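Trainee: Here is my input, please return the structure:
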Amino acid sequence: MTPRLRPFPLGAVRIDDASPFARARDAMLHLARAYPVDRLLAVFRRNAGLDTRGATPPGNWEDFGHPAEQPWSEHDYPGREHAPTANLLRGHYAGHFLSMLAHAAAGERDPALQAKVDEFVAGLGEVQAALAATGRYSHPGFLAAYGEWQFSRLEDFAPYGEIWAPYYTCHKLMAGLLDAHELTGSTEALPIATAMGHWVHQRLSRLDPEHRQRMWSLYIAGEFGGMNETLARLSKAAGDPLLLETAAFFGQETVLEAGASGTDVLTDMHANQHLPQLIGYVDQFELTGEARYLAAAQGIWAQVVPGRMYAHGGTGESELWGPPGTVAGDVGHRNAETCAAYNLLKLARRLFAHTLDPAYMDYYERTVLNHVLGSRRAVRSDTSPEVTYMFPVHPGAYREYGNTGTCCGGTGLENHVKYQDTVFLRGDYGLYVNLPIDAELDWEEAGLHVRLRSGFPLGEGITLAFDGSSTRERTIHLRVPSWATGDLELRLNGGPTGVNPVPGQYASLTRAWKSGDELHLTTPVRLRAEPAIDDERQCAIFLGPTLLLARSELTTSLPFPLAGRSDAGALITDATGTELLAELAANGTVVLDGVEFEPCWSGLDTRYHMYVRSRDAEIAFGGAVAGMPAVAVEILEEPAPSGWYTTAPTIRLHALAADTTDPDDLRLEWRLNDGDWRPYTDPVKIETEGVQRIEARATDARGLEATTGRELSVDTAPPRSRAVVKELGSSWEITLHAEDGVSGVERIQWEGPGTFWGTFQEAFVRAIGPEPQVIEYAATDRAGNEEPRRRLVIPGKGDPR
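Mentor: Below you'll find the model as predicted:
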């Protein structure tokens, strides 16, 4: 089944250098040019017994294995009790890096980048040949940075911890090789990937379907990325139907059936374990014509967007999906894995190409601007992708950039070198303009050069200017952003077109386009509040397409005056949308009601609030009737700088009677968290931990009442930390963990001999010395509570373990 729309070659579209997207693109291109291929090949060469050329691996998850680890085959693995291992996902990051290089080489048409692709592919080919020459492995197509044992242990249903998603890493390698072939024309990459596919078929064809289903259901251990997608694409590229059969081995019947029937099964599922396979279902639909594949992808999509989508387009808490229709209720401390956004964008693009439903492009614009662009730190690095793993949404969050060697570091490599791939798509004699990003298109088959100018995301109009001459009539389908409001008009060469632009739809115009033609769409911008789907008081603030992040050191909900300020979704302010855009362009921030906001796509390091909370009045009057009582809630203690109360707060209520009412006739009551109303006599100490809502009610003798409420966050206990130690021969690997069930863990700090009191980022290694070493560590929660320092003593040589 052929999709209705097709992409242009990456090199046919160029993002304008003044666009904010160019900032992230150029920073990632710098890394692509600076990073040595030998470092990426080091883990593969070590595993194959080849010279590593003195190169060190990228690090983190992409590092050499345990010093005593061997490249065991499927038969000689000695078991976890006798097999010291480490970094068992190694090789995945290299696959992403190869995909990034292929996209960059194709988009930039840069011979130097093409040469790096060729060098990388040749190195993997040498490793595959060296592994085959050992005769240890089940098929000459085997290619990995570790032995074949992880795959055989998965077939025995080994859990995560003993193995780490071996088919996930296999997918990244195969996808990188296939991208090198499809995007840059690498002739060597295709046979390497095809041989890997035949090795996969040989392994999985021996297993019955029930066995494979159980494997794929294992948490993380059975995660396989987009193996079905890559095998389906590879089948087409290599002209090998066997590989399409192999792709079907990765079908999860529970997901297929639930998606096709509309049954929601996502709660507590690992989001990014399943999103890539949905993309594969679209490929399988295209090659087999089986409608259930497309229906499953559409059905699961509808369960994620919008019901499990945060304001910036992300999804999931701690990599898992929460209940349906839950956004505010699923805000934790590790929301919105960037890998998930990467795959949702790929899926949206593919589904749009089949359905032409503009809602997919609404999501795409929201997420590529706010989540993906915002996930790249606004710096350059020779060694790190400088991207986020999580893009958190909780109060007082901040982005943690870096992520060399992690899964999101890998997808982040790719995200920023292919922004141009969805700006334009083409159909039969038509052009779809999907994203208002400043860009230029060489539409070769139409004989046209198209320049798109919008100033996005800070402009209020989209202009398409044409050079050349079309030999026949062609239709331009211009997406009208859903955030555009007011007087929308589509004009051709300054005159009316008779087309009525509708926000969230495409405006279409057909003609034989020629040099000098200009098509212009006005896109007025407004400030708006977008409530969470499950809590109308929890709102995200948008200025046109831009999600605004409120800057604040508070780690409690940030109150903001929203009540009574909405007009058909627009926030009423003294400044117009145009004036706010100008302020944002000039200063990089806008100030609303005394609160400074930055764009979500800034790539900065500030602490922020993605959502603000509609603020209660501190004093509530009973209504417009004369002589109504009033009531107020006073909190006697001051909160910590975080906004949390780290000692139990005391509540005092105040009531004011009307002039015509005796104050002694007032009945004053209070309640906690929608509980029963209780008479108020004396100040109340709130001992309950967490976010609490206090309500107060004053009723006079006439039965007239006033009600008000305050929210306060209470966390009086510090977190608890612990150290996990793993022996690595001549050294110890130390990992620090902490838990806090109320405000959440802010950081863990540590120091040891020769180090300073710094923040723990990832597992670290200490060499065993002649004397014992003392490591001190402590955790701090988001409220500001810090536990006493703990001590870990590392034995010296000869000391008892």
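Trainee: Determine whether the claim that residue 207 is in a helix is correct.
Mentor: No. Assigned with DSSP: H, G, I helix; E, B strand; the rest coil, residue 207 falls outside any helix and is coil.
Trainee: What count of nearby residues applies to it?
Mentor: 14 (other CB atoms under 10 Å). (Glycine included, C-beta is placed from N, CA and C.)
Trainee: Name the nearest residue to it, ignoring sequence neighbours.
Mentor: residue 155 (6.6 Å; CB to CB, 6 or more residues apart in numbering).
Trainee: how close does residue 112 get to residue 343?
Mentor: Going from residue 112 to residue 343 by CB to CB, to the nearest Å gives 30 Å.
Trainee: scratch that, residue 118
Mentor: 28 Å.
Trainee: Next up, identify which helix or strand residue 41 is on.
Mentor: helix 37-48 (DSSP states H and E).
Trainee: Name the residues that touch that helix?
Mentor: 50-53, 55-58, 62-65, 71, 87, 90-91, 93-94, 97-98, 116, 119-120, 123-124, 126-127, 130-131, 143-147 (CB atoms under 8 Å, 6 or more residues apart in numbering).
Trainee: Next secondary structure after the longest helix anywhere in the chain?
Mentor: When the chain is parsed with DSSP state H, its longest helix is helix 111-134. Using DSSP H and E, the helix or strand that follows helix 111-134 towards the C-terminus is helix 149-155.
Trainee: Against which helices or strands is that next one packed?
Mentor: If you count contacts as 3 or more CB pairs under 8 Å, 6 or more residues apart in numbering; DSSP states H and E, helix 149-155 packs onto helix 166-184, helix 209-216.
Trainee: Only the buried residues of the last one, if you could.
Mentor: Applying a neighbour-count criterion of 16 or more other CB atoms under 10 Å, the buried positions in helix 209-216 are 212, 215, 216.
Trainee: ok, now stretch 284-298?
Mentor: 284, 285, 286, 287, 292, 293, 294, 295, 296, 297, 298.
Trainee: now for these, which pair is the farthest apart?
Mentor: 287 and 298 (17.5 Å; CB to CB).
Trainee: Test my guess that residue 201 contacts residue 241.
Mentor: No. Contact criterion CB atoms under 8 Å: residue 201 and residue 241 do not qualify, at 11.2 Å.
Trainee: For the two, indicate the residue with more neighbours.
Mentor: Of the pair residue 201 and residue 241, residue 201 is the one with more neighbours under other CB under 10 Å, namely 20 against 11.
Trainee: Any chance of JSON lines for the helices and strands packed on helix 149-155, columns distance to residue 137?
Mentor: What follows is these, written out as JSON lines (distance: least, CB to CB, whole Å):
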{"stretch": "helix 166-184", "distance to residue 137": "13"}
{"stretch": "helix 209-216", "distance to residue 137": "19"}
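Trainee: With distance to residue 460 and mean pLDDT as extra columns, can I get these in JSON lines?
Mentor: Formatted as JSON lines, the helices and strands packed on helix 149-155 follow (distance: least, CB to CB, whole Å; pLDDT from 0 to 100):
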{"stretch": "helix 166-184", "distance to residue 460": "35", "mean pLDDT": "99"}
{"stretch": "helix 209-216", "distance to residue 460": "48", "mean pLDDT": "97"}
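Trainee: Break the chain into its domains for me.
Mentor: Taking automatic domain parsing as the reference, the chain has its domains at 21-421, 424-522, 527-614, 619-714, 720-794.
Trainee: Out of those domains, point me to the one whose mean pLDDT is lowest.
Mentor: Looking at the domains of the chain, the lowest mean pLDDT belongs to domain 619-714 (a mean of 84).
Trainee: Now do that domain: distance to the chain's middle.
Mentor: Averaging C-alpha positions (CA atoms, centre = their mean, to the nearest Å) puts domain 619-714 41 Å from its chain's average.
Trainee: Stretch 254-265 now?
Mentor: On CA atoms, centre = their mean, the centre of stretch 254-265 falls 23 Å from the chain's centre.
Trainee: any idea what sits nearest residue 21, other than its immediate chain neighbours?
Mentor: Counting by CB to CB, 6+ apart, residue 21 lies nearest to residue 419, which is 4.6 Å off, once chain neighbours are set aside.
Trainee: Phi first, then psi, for the one you found.
Mentor: phi -60, psi -30 (degrees, to the nearest 10).
Trainee: Residue 118 and residue 343: who's more crowded?
Mentor: More crowded of residue 118 and residue 343, by other CB under 10 Å: residue 343, with 22 against 19.
Trainee: list the buried ones in the helix or strand that contains residue 738?
Mentor: According to DSSP H and E, residue 738 maps onto strand 731-739. Within strand 731-739, the residues that count as buried by 16+ other CB under 10 Å are 732, 734, 736, 738.
Trainee: Take these and lay them out in a markdown table including distance to residue 398.
Mentor: Shown next, in a markdown table, are the buried residues of strand 731-739 (distance: CB to CB, whole Å):
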| residue | distance to residue 398 |
| --- | --- |
| 732 | 31 |
| 734 | 25 |
| 736 | 19 |
| 738 | 17 |
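Trainee: How about residues contacting stretch 509-521?
Mentor: 446, 448, 461-476, 478, 480, 488-494, 497, 499, 501, 507.
Trainee: mind running it again at 7 Å?
Mentor: 448, 461-470, 472-476, 478, 480, 490-493, 497, 499, 501, 507 (CB atoms under 7 Å, 6 or more residues apart in numbering).
Trainee: Stretch 148-166 too?
Mentor: By CB under 7 Å, 6+ apart, stretch 148-166 touches 72-74, 77, 80, 88-89, 137-138, 142, 203, 207, 214-215, 218-223.
Trainee: Narrow these to those that are buried.
Mentor: 72-74, 77, 88-89, 137-138, 142, 203, 215, 218, 220-223.
Trainee: how about the helices in the stretch 501-650 of the chain?
Mentor: Taking DSSP state H, counting those that start in this stretch as the test, the helices found in the stretch 501-650 of the chain are 577-587.
Trainee: hang on, the earlier thing: please indicate which of the contacts of stretch 509-521 are buried?
Mentor: By 16+ other CB under 10 Å, the contacts of stretch 509-521 give 448, 461-466, 468, 470, 474-476, 478, 480, 490-492, 497, 499, 501, 507 as buried.
Trainee: Could you list which of the residues you listed belong to strands?
Mentor: Counted as lying in strands by DSSP state E, out of these, are 448, 461-466, 468, 474-476, 478, 490-492, 507.
Trainee: Going by distance to residue 404, which of the residues you listed wins?
Mentor: residue 462 (37.7 Å).
Trainee: any idea how far that closest one lies from residue 16?
Mentor: 13 Å.
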